[in-house]
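Asks: would you be able to build a 3D model of this:
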Amino acid sequence: MSKEKQLTATLEVLRDCPVLKIVGTLDASTAPTFRHDVEEMLSAGYKNLLLDLTLLDFMDSSGIGSLIYLHRSLHDQGGRELWVAGCNADVRNLLTVTQLDKQIRCFDSLAQALDTWKGAPVR
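Replies: Residues are numbered from 1 along each chain as shown. Okay, the predicted model is just below:
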């Protein structure tokens, strides 16, 4: 019996920084829900975002597509920054191979990213 893949995305503001905590698997089966959740979040007015990927177990090309979608959506709505923090080695490798790490700032930990955020506007 296979276990159903799940993804949860929870938004919270930490130190004036909107942080979207991603838990689970970001792949072809969960990417549509993730994109829908992101659209709702963007409609709330967030222009800058930090993704906490510390508890992301797995990401495939659909997940990469979702990050590209989020990055473009932020820019299309006048946004400034999309950062990621806490990537495991496999996710970090995907970001490097696809050269997405050249467009999205990557941090080893959430604490490091928050220390660097330095007051980017929440909305």
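Asks: next up, the contacts around the residue nearest the centre of the chain.
Replies: Closest residue to the average C-alpha location of the chain: Leu51 at 3.4 Å, with C-alpha atoms, centre = their mean. Leu51 makes contact with Val19, Leu20, Ile22, Leu67, Leu70, Leu82, Trp83, Val84, Ala85 under the criterion C-beta atoms under 8 Å, 6 or more residues apart in numbering. Bear in mind the C-beta positions are built from the backbone N, C-alpha and C, glycine included.
Asks: please enumerate residues in contact with stretch 28-48?
Replies: By C-beta under 8 Å, 6+ apart, stretch 28-48 touches 5-7, 9, 11, 17-18, 20, 22, 24, 26, 49, 60, 62-63, 65-66, 69-70, 73-74, 77-82, 120-123.
Asks: of those, buried ones?
Replies: Buried members of those, scored by 16 or more other C-beta atoms under 10 Å, are 7, 9, 17-18, 20, 22, 24, 26, 49, 60, 62-63, 66, 70, 73-74, 79, 81-82, 120.
Asks: quick one on the thing from earlier: Throw the contacts of Leu51 into TSV and include distance to Arg35, thanks.
Replies: Output for the contacts of Leu51, formatted as TSV (distance: C-beta to C-beta, whole Å):
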residue	distance to Arg35
Val19	18
Leu20	13
Ile22	13
Leu67	10
Leu70	8
Leu82	14
Trp83	19
Val84	16
Ala85	21
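Asks: and the strands in this protein?
Replies: 7-14, 17-26, 49-59, 82-85, 105-107 (DSSP state E).
Asks: quick one: contacts of the first one?
Replies: Same thing as strand 7-14. 18-26, 30, 33-34, 37-38, 41, 46, 114, 122.
Asks: longest helix of the chain?
Replies: helix 61-76 (DSSP state H).
Asks: thanks a lot, catch you later.
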